[in-house]
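*Asks:* here is my input, please return the structure:
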Amino acid sequence: MTLDDKINDNDINKLLIHLMFELPSPQLNKKILFYVPYKTNPIELTEYDKDNQISNFCLKSIVDLFSIDNILIIFNLILMEQKIIFVGNDYRMISYITEGFLHIIYPLCWINTYVPVISEEMLKYLQSFMPFIMGVEESLMMKSKNFLDDETIFIININKNIIDLTSNKKGKKLDKKTLLKNIPEIPLEIYEELESELKLLIKLCNENKNKVNLFKFDQTLKDIFIKSFVTMIGDYKKYVSFIDNLPIFNSDSFLLNRPNKYKNFYTELSQSQMFRQFLHNDHFNPKINFENACSRYSLSHNCARRSSSRSSIKRISSVNSLNLINNMTNNTTTITLTPNLYSHKNLYFNNNDDNESKYSLDNNESNYK
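*Replies:* Now for the predicted structure:
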């Protein structure tokens, strides 16, 4: 909305009061149109959908600032509900990154202590005995060390793409094995598939920098991680029973159907506060997007439980089978899609009608209808 000379402070105050206290909330599947002074086009409001909320920042910041290995390490740390500090020299970027990582753990939701950016007066909260995610401005790091004890706290430097531990007194760069020494790691097959898809997604973006649709990029990145959750917990409803309309999760049966070498990971995941909260909320307010993902990839997930994980997990990939070839002679991008990817041919880039973003399919489209 653009303000002009005709709008004074009193008009703005009235508008804000109207928006906050007088305007009704849209009902399910309904929308409300209201008019702003001196504007002919109405503003449309629809119901708030937490399952499909649109973030006001771009998740691409995550892949721009972190290596794939570090993205997956941080993802692992959040799933295992560790104490995490994000450090940066820009308040906005710190909040963008922390929020971004919390978006990619859908359908789970971080319910432990979360402070996107803490002030100097709040540094004492770093002594919390509960899991937390907090953002600290780089200039406050020296003072924050007075509140960091010798226990394991992960310090993630956004600008330097470095993950460190408070227990690392020598200041050496730590590798993945050292960082996750006492923490159950994501199953190798899932890790490798996430790594593969992220690499290809980044490659596609690097080769098509001027044509990346950031909204679709965010949705694709979320979808990559959602599918990892389908593999991890996609069959969770099989192990849920109800007593007095409250969900009871059978952890023993759940763990019995997981690979033995990853029992520690699935034990920690199934006992986490996030997973317990997910089960409780799912009964009363189901995660529609996750249910749709479970249905979409149910065949692959069933195969994953019956056969080796490595071969079956690759079947749920939406990026792994996509082959991008740049044709330099006619400036046309040729994309070869497997049948299950045909519906996603416009997933990554703006589908404009200009020559720079035309798509052609090597396969016969009729085969996929």
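*Asks:* helix/strand/coil for Val117?
*Replies:* Here Val117 is coil, with the state taken from DSSP: H, G, I helix; E, B strand; the rest coil.
*Asks:* repeat for Thr220
*Replies:* helix.
*Asks:* next: Ile248.
*Replies:* strand.
*Asks:* likewise Ile156?
*Replies:* Relying on three-state DSSP, one would call Ile156 strand.
*Asks:* hey, where'd the strands end up in the chain?
*Replies:* Using DSSP state E, the strands found in the chain span residues 31-34, 43-46, 84-88, 113-115, 132-137, 154-157, 162-165, 240-243, 246-249, 323-327, 332-336, 359-361.
*Asks:* low-confidence ranges, this protein, go.
*Replies:* Residues of the chain meeting the criterion pLDDT under 70: 1-7, 19-32, 34-40, 43-57, 150, 298-369.
*Asks:* repeat that for 90
*Replies:* Applying pLDDT under 90 to the chain picks out residues 1-61, 90-92, 96, 118-129, 139-153, 165-182, 203-219, 242-248, 280-369.
*Asks:* domain assignment for it?
*Replies:* For the chain, automatic domain parsing gives the domain ranges 9-48, 60-179, 188-316, 323-368.
*Asks:* okay, these in JSON lines with mean neighbour count next?
*Replies:* Just so you know, the C-beta spots here come from the backbone N, C-alpha and C atoms, and that holds for glycine as well. Output for those, formatted as JSON lines (neighbours: other Cβ atoms under 10 Å):
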{"stretch": "domain 9-48", "mean neighbour count": "11"}
{"stretch": "domain 60-179", "mean neighbour count": "17"}
{"stretch": "domain 188-316", "mean neighbour count": "16"}
{"stretch": "domain 323-368", "mean neighbour count": "13"}
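*Asks:* what ranges do the helices span in the stretch 1-150 of the chain?
*Replies:* 9-17, 60-65, 68-79, 91-103, 141-144 (DSSP state H, counting those that start in this stretch).
*Asks:* next one: the stretch 201-350 of the chain
*Replies:* 214-233, 251-256, 263-271, 273-284, 288-296, 298-306, 309-313.
*Asks:* looking at the ones you listed, which is closest to Leu15?
*Replies:* Between Leu15 and the helices of the stretch 201-350 of the chain, the tightest spacing by Cβ to Cβ is seen for helix 214-233, at 28.0 Å.
*Asks:* by contact count, what packs against the closest one?
*Replies:* Helix 214-233 sits against helix 60-65, helix 188-207, helix 263-271, helix 288-296, helix 298-306, with contacts defined as 3 or more Cβ pairs under 8 Å, 6 or more residues apart in numbering; DSSP states H and E.
*Asks:* endpoints of stretch 203-218, how far apart?
*Replies:* Stretch 203-218 has its terminal residues 15 Å apart, counting by Cα to Cα, to the nearest Å.
*Asks:* right, and the helices of the stretch 1-150 of the chain - which one's nearest Arg258?
*Replies:* helix 68-79 (14.5 Å).
*Asks:* would you mind getting the angle between that closest one and helix 214-233?
*Replies:* 60 degrees (axes from the mean of the first three to the mean of the last three Cα atoms, to 10 degrees).
*Asks:* CA atoms of helix 68-79 as CSV?
*Replies:* Taking C-alpha atoms only, helix 68-79 is exported to CSV below (Å, rounded to 0.1, in the frame of the first residue of the first chain):
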residue,chain,number,x,y,z
ILE,A,68,25.2,-29.0,2.2
ASP,A,69,27.1,-31.0,4.8
ASN,A,70,26.5,-28.2,7.4
ILE,A,71,22.8,-27.9,6.4
LEU,A,72,22.3,-31.5,7.1
ILE,A,73,24.3,-31.4,10.3
ILE,A,74,22.1,-28.5,11.6
PHE,A,75,19.0,-30.4,10.5
ASN,A,76,20.3,-33.4,12.5
LEU,A,77,21.0,-31.3,15.6
ILE,A,78,17.5,-29.8,15.5
LEU,A,79,15.9,-33.2,15.2
